[in-house]
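Undergrad: no FASTA, just this:
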């Protein structure tokens, strides 16, 4: 049995090489750029009015003659002489001969005459060519995760397709004779299956869209066949249950037959001691505990950072957040613990119902608190290590 830190180190040293793909902007959300993007154009591509008003060719008087108007999208231009003005709208192209733009609320208009309140400065309210970015300049750095703003920026540059790190597809294999699909009548000895739909929801929350669910009964051949199918069709496979040492736990035996290399099996932690990680042909396999809270804990602590690193994101396994505890807490365990917690107003509350089978408080938690093994007291306001679960 290995420590949590050893498990992190093993995973970090066995990340498959991220794969690249070219995607449309519509497919790019929350994916990572695999190459830097340079602007193909100046933005703005022409001198542009920053608001509605009038552009003028300056002279000594505050009175100007209005000779026309320019709307956004107009291709027509004007050659202004000193003392002439053109009405203009936000985003419209500013003629080369215009020297300043005066907002509409700062002028008075009488028929074709424009009266200014004061003499403007050259360049007022005119966006110069390339003010935001010039042609050939770096637009977005390799490694940038594309959010709505980044996608909008690329679209504004006329870019429609971008090089990205591919997000792996994930197969979820759920094992157990005792499991029933929610909605069916609950008979004696059975429980409703929750791990599969829970893991699928967690993956979708993290923007991993290619997810397939498989279910298998507790026998060796079915387990091996289903795992073989999942591994052949996906870059990452998650197995729920069947990884312990019971008479009907066939996952470890099946993975061995499928030549999956064991990276580790069993971590000195609570919950989630039976956790298995393996690798075959640059594919990652995680066998997660069957108890729901243990399953979800292992997903957030081990699986999600692995998926992110495969997707080109430089995620750290070790938590980097420390926050003060809002109360005293006694630690009395021979294993390291990941405790469901709630962070409110910058302070951490460790929740009740910490058993590996219980999801009720997990559903209200927004963090996990990591505490090392041993017998000791954590005092109120003492800093504790926090893994964030939700933004």
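TA: Structure received. Model, not experiment: these values are computed from the prediction.
Undergrad: give me every residue that touches residue 156.
TA: Going by Cβ atoms under 8 Å, 6 or more residues apart in numbering, residue 156 touches residue 43. For glycine as for every other residue, the C-beta is placed from the backbone atoms N, C-alpha and C.
Undergrad: and the pLDDT at it?
TA: pLDDT for residue 156: 97.
Undergrad: quick one, phi/psi of it?
TA: Backbone dihedrals for residue 156, given as degrees, to the nearest 10, come out at phi -60, psi -20.
Undergrad: give me the neighbour count for residue 261.
TA: 13 (other Cβ atoms under 10 Å).
Undergrad: walk me through which strands the worst-scoring helix or strand of the chain on mean pLDDT pairs with, and which way each runs.
TA: Within the chain, judged by mean pLDDT, DSSP states H and E, the helix or strand with the poorest mean is strand 179-180; its value is a mean of 80. Paired neighbours of strand 179-180 in the sheet (DSSP bridges): strand 191-192 (parallel).
Undergrad: which intervals of the stretch 251-391 of the chain have sub-threshold pLDDT?
TA: Residue ranges of the stretch 251-391 of the chain with pLDDT under 70: 390-391.
Undergrad: can we see that at 90?
TA: Residues of the stretch 251-391 of the chain meeting the criterion pLDDT under 90: 252-253, 290, 320, 357, 390-391.
Undergrad: how about the strands in it?
TA: 261-265, 269-270, 276-280, 283-288, 321-324, 329-333, 336-344, 347-350, 367-371, 374-378, 383-388 (DSSP state E, counting those that start in this stretch).
Undergrad: report the angle between the fourth one and strand 261-265.
TA: Strand 283-288 and strand 261-265 meet at an angle of 30 degrees, taking axes from the mean of the first three to the mean of the last three Cα atoms, to 10 degrees as the criterion.
Undergrad: one more: the longest one?
TA: Orientation check (the same axes, to 10 degrees): strand 336-344 against strand 261-265 gives 70 degrees.
Undergrad: quick one: the least confident helix or strand of the chain to chain centroid distance?
TA: Mean-position distance between strand 179-180 and its chain equals 32 Å (Cα atoms, centre = their mean, to the nearest Å).
Undergrad: just the residues contacting that strand, thanks.
TA: So strand 179-180 is in contact with 186-187, 190-193, 215, going by Cβ under 8 Å, 6+ apart.
Undergrad: if we use 6 Å, what do you get?
TA: With Cβ atoms under 6 Å, 6 or more residues apart in numbering as the test, strand 179-180 has contacts from 190, 192-193.
Undergrad: buried ones from these, can you make that a PyMOL selection?
TA: Of the contacts of strand 179-180, the buried ones can be selected in PyMOL as follows, counting by 16 or more other Cβ atoms under 10 Å:
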select buried, resi 193
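Undergrad: looking at the contacts of strand 179-180, which is nearest residue 135?
TA: residue 193 (55.6 Å; Cβ to Cβ).
Undergrad: so the closest residue in space to that closest one that isn't next to it in sequence bridges to which residues?
TA: Leaving aside its chain neighbours, residue 193 sits nearest to residue 179 (4.0 Å; criterion: Cβ to Cβ, 6 or more residues apart in numbering). With DSSP bridges applied, residue 179 shows beta-bridge pairing to residue 191.
Undergrad: for residue 179, grab the count of nearby residues.
TA: Count around residue 179 with other Cβ under 10 Å applied: 21.
Undergrad: any chance of the strands of the stretch 251-391 of the chain in CSV, with distance to residue 210 too?
TA: Formatted as CSV, the strands of the stretch 251-391 of the chain follow (distance: least, Cβ to Cβ, whole Å):
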stretch, distance to residue 210
strand 261-265, 23
strand 269-270, 29
strand 276-280, 19
strand 283-288, 14
strand 321-324, 30
strand 329-333, 38
strand 336-344, 28
strand 347-350, 35
strand 367-371, 26
strand 374-378, 41
strand 383-388, 25
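Undergrad: most tightly packed of those strands?
TA: Scoring the strands of the stretch 251-391 of the chain by mean neighbour count under mean count of other Cβ atoms under 10 Å gives strand 283-288 as the most buried, with a mean of 25.
Undergrad: now what about that strand, what contacts it?
TA: By Cβ under 6 Å, 6+ apart, strand 283-288 touches 235-240, 243, 251, 260, 276-278, 295, 298, 303.
Undergrad: check these against residue 367 and report the nearest one.
TA: Comparing every one of those with residue 367 (Cβ to Cβ), the shortest separation belongs to residue 298, at 15.9 Å.
Undergrad: which residue packs closest to that closest one, ignoring adjacent ones?
TA: In this structure, residue 298 finds its nearest non-sequential neighbour in residue 272, 4.4 Å apart by Cβ to Cβ, 6+ apart.
Undergrad: between the contacts of strand 179-180, which is nearest residue 199?
TA: Closest to residue 199 out of these is residue 193 (11.0 Å), distances taken as Cβ to Cβ.
Undergrad: so what does the closest one look like in phi/psi?
TA: Dihedral angles for residue 193 - degrees, to the nearest 10 - are phi -70, psi 120.
Undergrad: and if you look at the one 5 residues further on?
TA: The phi and psi values for residue 198, taken as degrees, to the nearest 10, are phi -70, psi -50.
Undergrad: not counting sequence-adjacent ones, nearest residue to it?
TA: For residue 198, ignoring the flanking residues on the chain, the nearest one in space by Cβ to Cβ, 6+ apart is residue 296 at 6.2 Å.
Undergrad: now pLDDT and distance to residue 34 too, for the contacts of strand 179-180, in TSV please.
TA: Output for the contacts of strand 179-180, formatted as TSV (pLDDT from 0 to 100; distance: Cβ to Cβ, whole Å):
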residue	pLDDT	distance to residue 34
190	86	46
192	85	41
193	87	37
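Undergrad: dump the contacts of strand 179-180 to JSON lines, plus distance to residue 18.
TA: Formatted as JSON lines, those follow (distance: Cβ to Cβ, whole Å):
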{"residue": "190", "distance to residue 18": "41"}
{"residue": "192", "distance to residue 18": "37"}
{"residue": "193", "distance to residue 18": "32"}
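Undergrad: and this structure, what are its domains?
TA: As given by automatic domain parsing, the domain ranges for the chain are 4-18+167-310, 20-42+131-165, 48-127, 321-388.
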